[in-house]
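> my questions are about this predicted structure, shown below with the sequence.
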Amino acid sequence: MRAYYVEVAAHDETQLHQHDHDYIYVSLGQADVVNAVFNKPEVHIVLKDGEAHFTRGGFAHVARNLSDVPFRNITIELLRTSGEPRNLCAQISPNGAGAVCEKTTETAQGGHGFSVAPQMETDTMRLTLMRLDPETEHAGVGLESDSLLVPLNGSEVQIQLQGEPSKILRGGQTAWFGENSAGSVWNPGKNPASYLELTFRHKG
């Protein structure tokens, strides 16, 4: 995969650009944009903070920001064939088949815990939304190998990889955890935090 931080200034637009690969984008903040695909009618899109979508590649377009604030997102290109998407607990792919939504919630000592809501999956990957209560250092949230972590707007999480110092990750930043990575993530702050985790399931 290849991840980009994208920012389009208020009332500005991107240049015409090509998307050769399937991709997932995550909105950082609310957005009011026009998707102008080359040789197709323009589409007006209103996005909520943290909203994620899966899009098939093979097109060129211009993204036009209608809002008074910057349009910010994380765009994740999938460099290998991703397979057919299956929506789980959210409508991530417009044409993705529906499957069972299996949310889970865990509570640690002191009543602080986390929730797990799978958003979408294919044969090669799964996108999961994680929500952390404040002060969840001992909630036991593990990091998956071969995964990309994307904190949502306004969120702050702390990650700890085995043998490395811990570090803070904030909305608009990303972190990749490679093969055989072992570690944990928690929310040290006094406000809830959320992040998306894109995990790749198979090699080759």
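Nice, I can see it. Residues are numbered from 1 along each chain as shown.
> give me the mean pLDDT for whatever helix or strand residue 75 lives in.
Using DSSP states H and E, residue 75 falls within strand 71-77. Strand 71-77 shows a mean pLDDT of 96.
> just give me how far that strand sits from the chain centre.
Here strand 71-77 is found 9 Å from its chain centre; the criterion is C-alpha atoms, centre = their mean, to the nearest Å.
> which pLDDT value goes with residue 34?
Residue 34 is given a pLDDT of 97.
> wait, I meant residue 125
pLDDT, read off for residue 125, is 93.
> give the contact list for it.
Going by C-beta atoms under 8 Å, 6 or more residues apart in numbering, residue 125 touches 78, 82, 198, 199, 200, 201. From N, CA and C alone the C-beta is placed, and that goes for glycine too.
> also residue 6?
Shown in contact with residue 6 (C-beta under 8 Å, 6+ apart): 25, 71, 72, 73, 74, 75.
> any idea how far the third one is from residue 54?
Using C-beta to C-beta, to the nearest Å, residue 72 is found at 19 Å from residue 54.
> higher neighbour count, these two?
residue 54 (24 against 18; other C-beta atoms under 10 Å).
> shouldn't the more buried one be in contact with residue 96?
Yes: under the criterion of C-beta atoms under 8 Å, residue 54 makes contact with residue 96 at 6.9 Å.
> joint contacts of the two?
Joint contacts of residue 54 and residue 96 (C-beta under 8 Å, 6+ apart) are 85, 120.
> tell me how far residue 9 lies from residue 66.
From residue 9 to residue 66 the distance is 12 Å (C-beta to C-beta).
> meant to ask about residue 51
Taken as C-beta to C-beta, the span from residue 51 to residue 66 is 16 Å.
> residue 8 too?
Distance, residue 8 to residue 66, using C-beta to C-beta: 10 Å.
> between residue 9 and residue 66, point out the one with more neighbours.
Legend: neighbour count by other C-beta under 10 Å for residue 9 and residue 66, higher for residue 66 (15 against 11).
> give the contact list for the more buried one.
Taking C-beta under 8 Å, 6+ apart as the criterion, residue 66 is in contact with 11, 32, 33, 34, 44.
> which of these count as buried?
residue 33 (16 or more other C-beta atoms under 10 Å).
> widest-spaced pair of the contacts of residue 66?
Spatial extent of the contacts of residue 66 (C-beta to C-beta) is set by the pair 11 and 44 at 14.7 Å.
> show me the beta-bridge partners of residue 34.
Here residue 34 sits in beta bridges with residue 44, residue 64, as judged by DSSP bridges.
> okay, domains of the chain per the record?
For the chain, the structural domains run 2-79, 104-200, going by automatic domain parsing.
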